[in-house]
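J.: Fold the following for me, if possible:
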Amino acid sequence: MALTPTTILTLSLLLLLPILSSAKVVEDEQFSEELLLKPLPDRKILTHFHFQTEAPISDHSFARHHHLFPKSIAQLVKKFHIKAMELSFTQGRWNYERWGGFDPISSQNAKPPGVELWAVFDVPPHQVDAYWKNLTHSLSGLFCASINFLESSSSYSAPKWASQSALGSLRYGTLPREAVCTENLTPWLKLLPCRDKAGLSALMDRPSIYRSFYHSQRLHLTISTDPADGLDSGIILEQTLTVVLQPNFQRAGISYPDEIKFQPSWSLSSIFGRKINGRCVLAKSSNVYLQVERGLVTQLENLEKNTVAYDSNDTGTEGLRRNLGFELSITPDRVHRELEKSSSILYEYSIKGYNDTEQFDLGLTWKHPVVWSSPHAPLYASRFLMGSGNERGSIAISLKSTDLTKGFIAANNVEEKYEKPHAVTDFVEKMSVSPSEDKVSPGMMELVLRFPCEIKSAVLNIEFDKGFLHIDEYPPDANQGFDIPSAIISFPDFHAGLQFPNNSISNSPMVSKLQEKSPVLSYTEVLLVPLTTPDFSMPYNVITITCTVFALYFGSLLNVLRRRVGEEERLLKNKDANKAAFLRRILDKLRGRSSESTQPQQPSTLSSSSSFITPKLFLKVLLVAGIAVIWQYYLK
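T.: Sure, this is the predicted structure:
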């Protein structure tokens, strides 16, 4: 049948409509990739990968196919009514004394060892626990981890003061003993549009990451709202990977009197074993940043002031590109400096123009030894166990003042000739305690403490009693002990954030996160508490001896029931008689006698010796029955 031109035009329009709507969806979804590099004072390098994917939310958005945003995450948000969620896998512990604790990276991305998960649900309070359990099972299958262990009510808690806006809808859980490996990183990378095949994620060499001193992969999910109408307008997925590496120190032919203070030179290819071949084609922005923190900038300025070639009037951008402390292998595209004096500097590189033929390999070479320190939180927090024995114990949290607190003391001109001890009740503003219940809920304590600026140290001691668990509640390696999750310490009056001029910084998602004024957070160590454990080898021994006795009993009984005693004895006698007759015939032949006179004697018919029951058999059955009776009534 021939088609008219009008019919053909109608079909063409119908075929183009899905294509046009699909192109509009692609424009709405956005993806960006960024990498932050920062030298650390203890001769290490911090690498922080930041990937952000945005997608709109509407009634039909969860039913369609996503082009950039991972559909599995969108389904989790829709099915479990998630308002916000964060999941982290961490190996190692962030060194707050050397790597700092008063910057956005340490406050937002320094996580406790193991797995940490918190989620806020948009459901009635009585349904939150059910949605939490289903969410843990879904995340466990998605990331190949034991997150489903958090489904038990004794493994998670509901903090009251962590987020006042999410009171009753927040759930928090952690698994300190969870091991982190490539099986957790691979599903995390599959959420990226280009995975680890192109862009900045191609730098993630597995051996380089897992031999690091610290690495933490984080997934942060938020639902953005429109302030005008208060309705959901979009979903934002942040994926970050924070790694602390040790560059190889290579400086042949140069010797310094104080070599230990000389920072090692490095490049991307030396720390990851790879170079950047270009950006992910689906990324809206793809940048690399090198941050020189405040303490290092101050030391570099002092080094330049002591040099004859230092020009005091050179404070422009070109002066920031050149310094006497280190040399960059690639000239940065832009240089940003904070508003304050002697503040941090951010070098920006765009990798849009790089490809397989011209690869991006940023390197830093130190020209002079420089010593500096990272900014610290107001207090150092450390936690340890006290007491001995298997009945009682205590947990002590030690807080010590840092350089930041000393600065406040000097500003206020407070001097103390001696330390005066104070009671904790003098500084406790409010306290919330949820005692633990066996097989129901864990114990949780929330404290709001207010210390004066002149404080030097404080110790909080919490006593506890050790209980007994059911045999089914012990972990596989119970003799190792039980892990107590890290305590979270927040400084709400102190905010970590960089301050760049609005007209000099690009619209970068990672830089926007660095400029957010978020409260300073820190985590304590994970404690290992030994508890009284039964001897798990005893059930094995009982099972072994029981199985042995039953095997002897039933084996002997079946052997007796299946054996034909009379027939076996007759066959043995026939064999012996045939052998004797054969020998007699040979002897008769040798003596010359006739074989007719030497006929073998036929065995007699069944007699008393071929009877079924013999004294030996009777004694064996009696012995086995006696052992069984003794085991049943006296040894059980």
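J.: and the nearest residue to Leu328 once chain neighbours are set aside, what is it in contact with?
T.: Excluding the flanking residues, the one nearest Leu328 by C-beta to C-beta, 6 or more residues apart in numbering is Leu364, at 6.0 Å. Where C-beta positions appear, they are placed from N, C-alpha and C, glycine not excepted. Neighbouring residues of Leu364 by C-beta atoms under 8 Å, 6 or more residues apart in numbering: 39, 265-267, 290, 326-329.
J.: Check Glu516 too.
T.: Glu516 neighbours (C-beta under 8 Å, 6+ apart): 104, 497.
J.: what does the model give it for pLDDT?
T.: We note a pLDDT of 88 for Glu516 in this prediction.
J.: Switch the contacts of Leu364 over to a markdown table; also include neighbour count, pLDDT and distance to Pro207.
T.: Output for these, formatted as a markdown table (neighbours: other C-beta atoms under 10 Å; pLDDT from 0 to 100; distance: C-beta to C-beta, whole Å):
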| residue | neighbour count | pLDDT | distance to Pro207 |
| --- | --- | --- | --- |
| Pro39 | 23 | 95 | 22 |
| Ser265 | 19 | 92 | 21 |
| Trp266 | 23 | 94 | 17 |
| Ser267 | 16 | 94 | 17 |
| Leu290 | 21 | 96 | 24 |
| Phe326 | 18 | 90 | 27 |
| Glu327 | 13 | 92 | 28 |
| Leu328 | 16 | 93 | 26 |
| Ser329 | 12 | 93 | 24 |
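J.: so which of these comes closest to Ile397?
T.: Pro39 (31.6 Å; C-beta to C-beta).
J.: pretty sure the closest one contacts Gln263?
T.: Yes - with contacts counted by C-beta atoms under 8 Å, Pro39 reaches Gln263, the gap being 6.4 Å.
J.: on that earlier part again, the contacts of Leu364 in strands, which ones?
T.: 39, 266-267, 290, 326-328 (DSSP state E).
J.: Got phi/psi on Ala130?
T.: Backbone torsions of Ala130, given as degrees, to the nearest 10, read phi -70, psi -40.
J.: got the contact list for it?
T.: Here Ala130 is in contact with no residue (C-beta under 8 Å, 6+ apart).
J.: Any figure for the gap between it and Phe80?
T.: Going from Ala130 to Phe80 by C-beta to C-beta, to the nearest Å gives 10 Å.
J.: now swap in Thr532 and tell me
T.: Distance from Thr532 to Phe80, by C-beta to C-beta: 39 Å.
J.: more crowded one of those two?
T.: Legend: neighbour count by other C-beta atoms under 10 Å for Thr532 and Phe80, higher for Phe80 (18 against 12).
J.: and that one, what pLDDT?
T.: So, for Phe80, pLDDT stands at 94.
J.: same deal with Gln480?
T.: pLDDT at Gln480 comes out at 85.
J.: go on, Glu54?
T.: At Glu54, the predicted lDDT confidence score is 92.
J.: where does the stretch 51-200 of the chain have low pLDDT?
T.: Scanning the stretch 51-200 of the chain with the threshold set as pLDDT under 70 gives 58-65, 164-165.
J.: sorry, back to before: can I get the ones in strands among the contacts of Leu364 in CSV including distance to Pro501?
T.: What follows is the ones in strands among the contacts of Leu364, written out as CSV (distance: C-beta to C-beta, whole Å):
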residue, distance to Pro501
Pro39, 24
Trp266, 30
Ser267, 30
Leu290, 19
Phe326, 24
Glu327, 26
Leu328, 22
